[in-house]
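Asks: The following block contains a protein sequence and its predicted model.
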Number of protein chains: 2
Amino acid sequence: MDRSGLLIILSSPSGAGKSTLARRLMEWDPTLRFSVSATTRKPRPGEVEGDHYYFREPGEFRAMVAAGNMLEHAEVFGNLYGTPREPVEEAMRAGRDTLFDVDWQGGQQIRASALGNHVISIFVLPPSLAELERRLISRGQDAPEVIAGRMQKSRDEISHWAEYDYVIVNEDIDQSAEALKTILTAERLRRARQTGLGPFVRGLMEEEGR
Amino acid sequence: MDRSGLLIILSSPSGAGKSTLARRLMEWDPTLRFSVSATTRKPRPGEVEGDHYYFREPGEFRAMVAAGNMLEHAEVFGNLYGTPREPVEEAMRAGRDTLFDVDWQGGQQIRASALGNHVISIFVLPPSLAELERRLISRGQDAPEVIAGRMQKSRDEISHWAEYDYVIVNEDIDQSAEALKTILTAERLRRARQTGLGPFVRGLMEEEGR
């Protein structure tokens, strides 16, 4: 059945397993489009234009915002980050879903945008804050004060859980990945998503005259 | 996670596979409660009180309607049929979902009832009207004029497809049963259904003080 694409917002505190879940979902359905952000910050070694980010000059970025070509944008540590609108709308028209790995602020802005009624939003909770801290420490990437800062940001992020359509408590990554696939499969079966149903039922009723 | 029970409305024209799908869903999740209707018609041989129907005298039935104890009711060929409210509310409080095998009129009444915001509704479409007629004929139960009457009723039922949350085109019964399970599993993951989430997140945040 034909349908228009969905905007899938996936949010969680850092370390709750969101990136792994996003990757699992992309592997499960290769037609999914992962939303790539635009940013004014300089590329780091190994970062690829259009793959990790769209790298833009500040003037160019601001012109896109002014022209309404950013679905959402925010300034973080002096750099601008945002979601270009055009690739999302193109995917929607082609019946492809776009996955957004964004925090609660990005989620709020996408929900408030013109495409807001095509959004489904999912929040991933850790089983406990202790487990979250354990995961952050076991990555071995960050100094204790950085981890303390991340934990504060996590509590801030978690405080927005009730703004989301679905909530998954990630106790087991396999079970959570299944839950995510289930949500997406069910949402695609919603009557309002299946744009081919109207013509299909009209065809069904016209059999009457045969 | 604790949650309050759902009211699952399953509708379709006769012969589209609804009864088989309902049975599959009940086998998959034995905690599901199948809603039993009350009726004023006399029991047929083999029909069991509380299993096939709650058999009630017309006066008793009307008293239940007057007292607001029927979620929905309708008169069909001189007999009254309705859904007693109490068993549904009892299941909801226990976190159990109730499955309703009702036509579009029953669906509309349950949606309009005080429990309407706990409803999810699913419509099952046949792949074609010719296939529907073939299935009705192959049952070998009905005379041609009865089948013609059923087909007319089917077209009337199908015309209400757009009132439902989800639509499944039943081309393959196994695939459709899977779709039905998927819808139910996803709906149970909705934030608003998981009544235990509030206390869980409060507990999560209180870890902060540890």
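Replies: Cool, the structure landed. Residues are numbered from 1 along each chain as shown, chains lettered A, B, ... in the order given.

Asks: Quickly note the distance from the closest residue to residue A:69 other than its chain neighbours to residue A:8.
Replies: Once flanking residues are discounted, residue A:69 sits nearest to residue A:85: 5.3 Å by C-beta to C-beta, 6 or more residues apart in numbering or on different chains. For every residue, glycine as well, the C-beta is placed using N, CA and C. Counting by C-beta to C-beta, to the nearest Å, the separation of residue A:85 from residue A:8 is 16 Å.

Asks: More neighbours: those two, which one.
Replies: Just comparing residue A:85 and residue A:8: by other C-beta atoms under 10 Å in any protein chain shown the higher neighbour count belongs to residue A:8, 24 against 18.

Asks: Helix, strand, or coil at that one?
Replies: Recorded secondary structure, residue A:8: strand (DSSP: H, G, I helix; E, B strand; the rest coil).

Asks: can you check residue A:75 too?
Replies: Assignment for residue A:75 (three-state DSSP): strand.

Asks: Could you do residue A:140 as well?
Replies: coil.

Asks: mind checking how far it is from chain B?
Replies: Per C-beta to the nearest C-beta, to the nearest Å, residue A:140 is found 23 Å from chain B.

Asks: for the nearest residue to residue A:164 once chain neighbours are set aside, what are its contacts?
Replies: In space, and not counting its chain neighbours, residue A:164 is closest to residue A:123: 3.9 Å by C-beta to C-beta, 6+ apart. By C-beta atoms under 8 Å, 6 or more residues apart in numbering or on different chains, residue A:123 lies in contact with A:11-12, A:160-161, A:163-164, A:166-168, B:191.

Asks: Looking at these, which is nearest residue A:150?
Replies: Distances from residue A:150 to the contacts of residue A:123, taken as C-beta to C-beta, are shortest for residue A:12 (12.5 Å).

Asks: pretty sure the closest one is touching residue A:157, no?
Replies: Yes. With contact defined as C-beta atoms under 8 Å, residue A:12 counts as touching residue A:157 (7.0 Å).

Asks: For the two, indicate the residue with more neighbours.
Replies: Remark: of residue A:12 and residue A:157, residue A:12 carries more neighbours, 28 against 20, as counted by other C-beta under 10 Å.

Asks: Provide the strand pairings for whatever helix or strand the residue nearest to residue A:164 lives in, with the direction of each partner.
Replies: For residue A:123, the host element (DSSP states H and E) is strand A:119-125. Applying DSSP bridges, strand A:119-125 is found paired with strand A:7-11 (parallel), strand A:166-169 (parallel).

Asks: what sits up against the shortest one?
Replies: Residues outside strand A:166-169 that contact it (C-beta under 8 Å, 6+ apart): A:120-127, A:161, A:176, A:179-180, A:183, B:1, B:186, B:189-191, B:194, B:197, B:200.

Asks: Now do the buried residues in that strand.
Replies: A:166-169 (16 or more other C-beta atoms under 10 Å in any protein chain shown).

Asks: next structured bit after that strand?
Replies: Where DSSP H and E defines the elements, the next helix or strand beyond strand A:166-169 is helix A:173-188.

Asks: Give me the residue at the spatial middle of chain A.
Replies: For chain A, the residue nearest the mean C-alpha position is residue A:100 (1.8 Å; C-alpha atoms, centre = their mean).

Asks: Determine the set of other helices and strands touching the helix or strand containing that one.
Replies: For residue A:100, the host element (DSSP H and E) is strand A:98-101. Packed against strand A:98-101, as judged by 3 or more C-beta pairs under 8 Å, 6 or more residues apart in numbering or on different chains; DSSP states H and E, are the following elements: strand A:7-11, helix A:18-28, strand A:33-34, helix A:85-93, helix A:104-112.

Asks: taking those together, which one is wrapped up most tightly?
Replies: Mean neighbour count, computed with mean count of other C-beta atoms under 10 Å in any protein chain shown, is highest for strand A:7-11 among the helices and strands packed on strand A:98-101, reaching a mean of 24.

Asks: so what's residue A:32 up against?
Replies: Counted by C-beta under 8 Å, 6+ apart, residue A:32 has contacts A:8, A:25-26, A:96-99.

Asks: which residue sits closest to the closest residue to chain B within chain A, ignoring its sequence neighbours?
Replies: As assessed by C-beta to the nearest C-beta, chain B sits closest to residue A:186 within chain A, at 3.4 Å. Leaving aside its chain neighbours, residue A:186 sits nearest to residue B:186 (3.4 Å; criterion: C-beta to C-beta, 6+ apart).

Asks: what about the residue nearest to residue A:42 when sequence neighbours are not counted, how many neighbours?
Replies: Spatially, and ignoring its direct neighbours in sequence, residue A:42 is nearest to residue A:55 (7.4 Å; C-beta to C-beta, 6+ apart). When counting by other C-beta under 10 Å, one arrives at 17 neighbours for residue A:55.

Asks: Run through the residues that contact residue A:55.
Replies: Each residue near residue A:55 by C-beta under 8 Å, 6+ apart is listed here: A:38-43, A:47, A:49.

Asks: Now that we have those residues, can you turn them into JSON lines and tack on distance to residue A:67 and pLDDT?
Replies: Below are the contacts of residue A:55 laid out as JSON lines (distance: C-beta to C-beta, whole Å; pLDDT from 0 to 100):
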{"residue": "A:38", "distance to residue A:67": "13", "pLDDT": "95"}
{"residue": "A:39", "distance to residue A:67": "18", "pLDDT": "96"}
{"residue": "A:40", "distance to residue A:67": "16", "pLDDT": "97"}
{"residue": "A:41", "distance to residue A:67": "21", "pLDDT": "94"}
{"residue": "A:42", "distance to residue A:67": "24", "pLDDT": "94"}
{"residue": "A:43", "distance to residue A:67": "24", "pLDDT": "93"}
{"residue": "A:47", "distance to residue A:67": "26", "pLDDT": "92"}
{"residue": "A:49", "distance to residue A:67": "21", "pLDDT": "94"}
